[in-house]
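> please find the sequence and the predicted model below.
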Amino acid sequence: MKGKVCVFGSFNLDVVAVMNRFPMPGESLTAHNSMMGPGGKGANQATAALRAGARVHYIGKVGNDDFGTFARRHLEKTGFDAITLFTCKEKPTGNA
């Protein structure tokens, strides 16, 4: 892919719990491992465009919290040509 892409979309911090099986309805299970990583449809689309060879400008919004700090650090390392990241003082960074 060649060209320029501008993505205006979400950034989420994904929290993944690793289980041996799916719980039954109403059942609670203990995870044997967990991990956190970058996600969100907008950030994922921007990363896919970058990996396909496009020059990417990512525009998003995060909260003024630890997840927002993670987002800024991650996005700065990704290799986008430009990043416009707004910070919301009233709402936290999205997570899933």
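That came through fine.

> now do the helices in the chain.
For the chain, applying DSSP state H gives helices covering 41-51, 66-78.

> which of the ones you listed is buried the deepest?
Comparing the helices of the chain by mean neighbour count (mean count of other Cβ atoms under 10 Å), helix 41-51 ranks first with a mean of 18. Where C-beta positions appear, they are placed from N, C-alpha and C, glycine not excepted.

> residues in contact with that helix: which ones?
Residues from elsewhere that reach helix 41-51, judged by Cβ atoms under 8 Å, 6 or more residues apart in numbering: 1, 5, 7-12, 56, 58, 60, 71, 75, 78-80.

> swap in stretch 5-16?
Residues beyond stretch 5-16 that count as contacts (Cβ under 8 Å, 6+ apart) turn out to be 34-43, 45-46, 49, 54-62, 67, 70-71, 75, 85, 93-96.

> which pLDDT does the model give the most centrally placed residue in the chain?
By Cα atoms, centre = their mean, the mean C-alpha position of the chain lies nearest to residue 39, the distance being 2.7 Å. You'll see residue 39 listed with a pLDDT of 95.

> now do residue 70
Reported pLDDT for residue 70: 96.

> any idea how far the closest residue in space to it that isn't next to it in sequence is from residue 26?
Leaving aside its chain neighbours, residue 70 sits nearest to residue 13 (6.0 Å; criterion: Cβ to Cβ, 6 or more residues apart in numbering). For residue 13, the distance to residue 26 equals 28 Å [Cβ to Cβ, to the nearest Å].

> pick out whichever of the two has more residues nearby.
Each of residue 13 and residue 26 had its neighbours counted (other Cβ atoms under 10 Å), and the higher figure belongs to residue 13 (22 against 5).

> show the pLDDT at the more buried one.
At residue 13, the model reports a pLDDT of 96.

> check contacts around the residue nearest to the centre of the chain.
11-14, 96.

> before we move on, what about residue 58?
6-7, 9, 42-43, 46, 75, 78, 80, 82-85.
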